[in-house]
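Student: kindly return the folded structure for what I paste below:
(chains A, B and C)
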Amino acid sequence: MGVLDYSFYEADPIELAPLLLNKLIVRGERVGRIVEVEAYRGEEDPASHAFRGMTTRNAVMFGPPGRLYVYFTYGMHWCSNVVCGQDGLARAVLLRAVEPLEGIAQMESARISKGGVVRNLRELARGPARLCQAYSIDGDDNGADIVSGDRGIVITDDGVPPPKKPGVSGRVGIKDAADYPWRFFVSGNTYVSSTPANVPRSA
DNA sequence: CTTTGGATCGTCT
DNA sequence: GACGATCCAAAGG
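Tutor: This is a model prediction of the structure:
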């Protein structure tokens, strides 16, 4: 229960990613449950921004765990990752979808004020860029400490455990290493994005 | 319902 | 100079 400790984030992203499922992201009034994530493993992962070493853009990924790595892409979108693994290793978990629980009005106005479109609750924070819009996460939040909450963002545990058998599939929107089964989601949850086809575990 | 193409710019080659 | 860890609207079945 409560805010997660730094030690929680020291794990390898493949271990940590499924453990982040069902945790809460909190920023002020805004509270949502994480239902979909992806693991990225730095120099060992052709799809990772850090595959070819450190740059100014990805530097936060190499730093201490328990921070946010926020990046800009497609000329208009922000996406956010939880930095994990030990200090010096470029490891991170991309936050891909959240089930809105509280502060829904604030999430909606945050999206709309940034030119977003809110069709329904399901699409409010479904997808990494929409999630950032809903939480007003942008470049200013790159490097934010999600344990101390120095920028007002924390990840907490409300007692709901991660799924015993999370859904697993390839990661979305990448070309390299598309077959790595490093996307994890809460099976059956409607707030999970659907691409690629949800592949049940056990298989 | 699915498919397709446009928007838009910081970062790396 | 090319291209994204994406989203959205419009067009087609």
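Student: pLDDT below threshold where in chain A?
Tutor: A:195-203 (pLDDT under 70).
Student: for it, what lies in contact range of DNA strand C?
Tutor: Residues of chain A found near DNA strand C (Cβ under 7 Å from any atom of the strand) are A:38, A:40, A:47-50, A:58, A:61, A:69, A:73-77, A:79, A:81, A:92, A:94, A:111, A:116-117, A:123, A:126-131, A:171-175, A:193. In short, each C-beta sits where N, CA and C put it, glycine included.
Student: which other helices and strands does the top helix by length along chain A contact?
Tutor: Identified as the longest helix of chain A according to DSSP state H is helix A:104-113. On a contact count with 3 or more Cβ pairs under 8 Å, 6 or more residues apart in numbering; DSSP states H and E, helix A:104-113 meets strand A:30-40, helix A:128-134.
Student: name the helices or strands packed onto the last one?
Tutor: Meaning helix A:128-134. strand A:77-83, strand A:92-102, helix A:104-113.
Student: what strands flank the shortest one, and is each parallel or antiparallel?
Tutor: Just to be clear, that refers to strand A:77-83. Applying DSSP bridges, strand A:77-83 is found paired with strand A:68-73 (antiparallel), strand A:92-102 (antiparallel).
Student: just the buried ones among the residues of chain A next to DNA strand C, please.
Tutor: Neighbour-count burial (16 or more other Cβ atoms under 10 Å) applied to the residues of chain A next to DNA strand C gives A:38, A:40, A:47-50, A:58, A:61, A:69, A:79, A:81, A:92, A:94, A:111, A:116, A:123, A:126-131, A:171-172, A:174, A:193.
Student: so which of the residues you listed are also by DNA strand B?
Tutor: residue A:58.
Student: how close does the closest residue in space to residue A:136 that isn't next to it in sequence get to residue A:116?
Tutor: Residue nearest to residue A:136 in three dimensions, not counting chain neighbours: residue A:110, with 4.8 Å by Cβ to Cβ, 6 or more residues apart in numbering. Separation of residue A:110 from residue A:116 (Cβ to Cβ, to the nearest Å): 8 Å.
Student: which residues do the two both contact?
Tutor: The contact sets of residue A:110 and residue A:116 overlap at residue A:133 (Cβ atoms under 8 Å, 6 or more residues apart in numbering).
Student: any idea how far the residue at minimal distance from the centre of chain A lies from residue A:34?
Tutor: The residue lying closest to the centre of chain A (Cα atoms, centre = their mean) is residue A:95, at 1.2 Å. Distance of residue A:95 to residue A:34, given as Cβ to Cβ: 6 Å.
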